[in-house]
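Asks: Can you look at this prediction? I've put the sequence above it.
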Amino acid sequence: MRSLRLVLGDQLSRNLSALEGVRPGHDVVLMVESRVEARAWKHHRQKLVLVWSAMRQFAEGLRREGLDVRYVGLDDPDNTGSIESEIRRVLTEGGFDRVIRTACGKWALEARLSALELGVPIETREDDRFICSRAAFAGWAANRRELRMEYFYREMRRKTGLLMDGDQPAGGRWNFDADNRRKLPAGVRPPDRLRVTPNAVTRAVIGRVSEGFEDHFGAVEPFGWPTNAEEAEAVFQHFLNDMLPAFGDWQDAMAWGRPFLWHGLISPALNIGLLDPLDICRRAEAAYRQGRAPLNAVEGFIRQIIGWREFVRGVYWLKMPEYGRLNALGARGALPGFYWSGQTDMACVADTVRAAHDHAYAHHIQRLMVTGNLAMLLGVDPDAVDDWYMVVFADAYEWVEMPNTRGMATFADGGVVGSKPYAASGAYIDRMSDYCRGCRYDVKDRLGDNACPFNALYWDFLDRNLARLRGQGRMMMPLRTLETMAETERQAFRRKAARTREAMGVIAASDAAAIT
């Protein structure tokens, strides 16, 4: 049988199931730079560079093995624009007995590919680069009243044997998150980060994206992301040797002008297949066993990979497509323009947006507790929040981004992913960063003209959503504090928050006037 084997832009792994058993001189591998997918969101220009450069280099690697690769470039005059039409175009050559593909990571694309009628069978294989299959996750989730990552994570630890001493977790605890919340002391700086120098293929793609995608978000240079397996390995090895030992202590910390700190910077490569998730976890565990990294750092890293990453993928496939329409808090506001421009006096927001613009990156606390928290407190429509995260980050794919934004960051899923809204006032930002020290706003002020916007927005958020949040056990203390406030103070918070939402363009002046 002669097979057409499809490889997508986030499936750049030589052990991809679609390539299992591929025969040189017989089968054909199809790869497509799709304008349809590139324009589905106006992806950050560095993400376009990353994916297209990595695809081109992966294709060349397959060719060096003697494989027949039909690579449809962006500027190919015969490029029909979509993956589906390119499959049909190759099949018109005749002589193919089947199409083999690996299940993809985007619900809409998976639905389209599954519905194709091509005249030959389509064999869809499991994406076994993930540790937990979709079927296995559905089995774990069956008959559970709540889906909680912590319990799923423990099952994954048992399944993989990672950080297990017999049937017990290493160190006697499953989770060392409480040890990973230190504020960065003044004067402590991380080692210099390894950033990859663009190779010739990447430089060519940078030139193409610079000229043809000016309307997309973000700077195209300086570009420092790995675009092949060798570069990705170098970045991970640098993290393992130089960054992992201190990663745990300060993984939740934020610092002005230092977007990377001790974080791995491997998620863009990991999410397109240039690194193997189980392999990097086993190597991190080895660093702990050999005394080269402390347990809190290694456990925190492994939890992000086999716990959170696998969990949100499972939730995505279990709950889609309905999940993408959830809006439990009824948020309808517009996204403020400074999410794109960075033009705001809020130092934490300005620094996070600048990192997203310059590097297509921000670490998880900047995403969750700065941009996500603010959008939730403002009442921004979760569709707009989803779109923003999908556009601005190089590691953003719908399976990982949507449960993080619609679930974790904005609580739009009503508690499917998280056990409470991750709402916080300015005090949290002050505790975990140096942002407030140089900010125009006063983090200690709640209602004055110069008050940190997070403060009134936080109490107003609790007030507006009181009925919805009463059932969330972990919200009892702040809700009790709210309910003991004098009505005059609660009204003052409502008025201040309404004026803030109007000034940020979230709600119309008429709506703000009705509140005030």
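Replies: Thanks, I have the structure now.
Asks: my guess is Leu162 contacts Ile302, does it?
Replies: Yes. Using C-beta atoms under 8 Å, Leu162 is in contact with Ile302, at 5.6 Å. In short, each C-beta sits where N, CA and C put it, glycine included.
Asks: between the two, what contacts are shared?
Replies: 281, 285 (C-beta atoms under 8 Å, 6 or more residues apart in numbering).
Asks: And the strands in this structure, which stretches?
Replies: In the chain, the strands defined using DSSP state E lie at 3-6, 28-32, 68-72, 98-102, 122-125, 164-165, 168-169.
Asks: closest to Asn271 out of those strands?
Replies: Asn271 sits nearest to strand 98-102 of all the strands of the chain, at 14.4 Å, using C-beta to C-beta.
Asks: can I get the strands of the chain in JSON lines with mean pLDDT, distance to Arg148 and mean neighbour count?
Replies: Shown next, in JSON lines, are the strands of the chain (pLDDT from 0 to 100; distance: least, C-beta to C-beta, whole Å; neighbours: other C-beta atoms under 10 Å):
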{"stretch": "strand 3-6", "mean pLDDT": "97", "distance to Arg148": "36", "mean neighbour count": "24"}
{"stretch": "strand 28-32", "mean pLDDT": "98", "distance to Arg148": "39", "mean neighbour count": "23"}
{"stretch": "strand 68-72", "mean pLDDT": "97", "distance to Arg148": "43", "mean neighbour count": "17"}
{"stretch": "strand 98-102", "mean pLDDT": "97", "distance to Arg148": "29", "mean neighbour count": "22"}
{"stretch": "strand 122-125", "mean pLDDT": "97", "distance to Arg148": "30", "mean neighbour count": "16"}
{"stretch": "strand 164-165", "mean pLDDT": "98", "distance to Arg148": "20", "mean neighbour count": "12"}
{"stretch": "strand 168-169", "mean pLDDT": "98", "distance to Arg148": "17", "mean neighbour count": "14"}
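Asks: Rebuild these as TSV, extending it with distance to His263.
Replies: Written out in TSV, the entries for the strands of the chain read as follows (distance: least, C-beta to C-beta, whole Å):
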stretch	distance to His263
strand 3-6	33
strand 28-32	30
strand 68-72	33
strand 98-102	28
strand 122-125	33
strand 164-165	25
strand 168-169	24
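Asks: How many neighbouring residues does the nearest residue to Glu65 once chain neighbours are set aside have?
Replies: Among residues not flanking Glu65 along the chain, Pro24 sits closest, at 6.5 Å (C-beta to C-beta, 6 or more residues apart in numbering). Per other C-beta atoms under 10 Å, the neighbour tally for Pro24 reads 11.
Asks: Look up the residues forming beta bridges with Asp165.
Replies: When assigned by DSSP bridges, Asp165 has beta-bridge partners Gln168.
Asks: I'd like the distance between Lys106 and Thr405.
Replies: As for Lys106, its distance to Thr405 is 15 Å (criterion: C-beta to C-beta, to the nearest Å).
Asks: Between these two, tell me which one has more neighbours.
Replies: Set side by side, Lys106 and Thr405 show more neighbours around Thr405, with 27 against 19, by other C-beta under 10 Å.
Asks: residues contacting that one?
Replies: 372, 382, 385-386, 389.
Asks: Let's see that with 7 Å instead.
Replies: Contact partners of Thr405, counting by C-beta atoms under 7 Å, 6 or more residues apart in numbering, are 372, 385-386, 389.
Asks: then stretch 178-194 to PDB, C-alphas only?
Replies: Taking C-alpha atoms only, stretch 178-194 is exported to PDB below (Å, rounded to 0.1, in the frame of the first residue of the first chain):
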ATOM      1  CA  ALA A 178       4.100  26.000  49.000                       C
ATOM      2  CA  ASP A 179       7.900  26.200  48.800                       C
ATOM      3  CA  ASN A 180       7.900  27.900  45.400                       C
ATOM      4  CA  ARG A 181       6.300  31.300  46.100                       C
ATOM      5  CA  ARG A 182       9.300  33.400  47.100                       C
ATOM      6  CA  LYS A 183       9.600  37.000  46.100                       C
ATOM      7  CA  LEU A 184      12.800  37.800  44.300                       C
ATOM      8  CA  PRO A 185      15.200  39.600  46.700                       C
ATOM      9  CA  ALA A 186      16.700  42.800  45.600                       C
ATOM     10  CA  GLY A 187      20.000  42.300  43.900                       C
ATOM     11  CA  VAL A 188      19.400  38.600  43.000                       C
ATOM     12  CA  ARG A 189      19.700  38.100  39.300                       C
ATOM     13  CA  PRO A 190      19.400  34.900  37.200                       C
ATOM     14  CA  PRO A 191      22.300  33.600  35.100                       C
ATOM     15  CA  ASP A 192      22.400  34.900  31.500                       C
ATOM     16  CA  ARG A 193      19.900  33.000  29.300                       C
ATOM     17  CA  LEU A 194      20.900  31.000  26.300                       C
END
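Asks: Which residues outside that stretch are in contact with it?
Replies: For stretch 178-194, with C-beta under 7 Å, 6+ apart as the criterion, the contacting residues are 234-235, 238, 242-243, 248-253, 255, 260-262, 265, 296, 300, 431-432.
Asks: Buried ones in that stretch, by neighbour count?
Replies: Buried residues in stretch 178-194, counted by 16 or more other C-beta atoms under 10 Å: 179-180, 183-184, 190, 193-194.
Asks: Kindly report the same for stretch 51-69.
Replies: Of all the residues in stretch 51-69, those buried under the rule 16+ other C-beta under 10 Å are 51-59, 62, 67-69.
Asks: Please narrow those to those residing in helices.
Replies: Filtering the buried residues of stretch 51-69 for membership in helices, criterion DSSP state H, returns 51-59, 62.
Asks: okay if I get these as CSV plus pLDDT and distance to Gly171?
Replies: Shown next, in CSV, are those (pLDDT from 0 to 100; distance: C-beta to C-beta, whole Å):
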residue, pLDDT, distance to Gly171
Val51, 98, 39
Trp52, 98, 43
Ser53, 98, 41
Ala54, 98, 37
Met55, 98, 41
Arg56, 98, 44
Gln57, 98, 40
Phe58, 98, 39
Ala59, 98, 44
Leu62, 98, 43
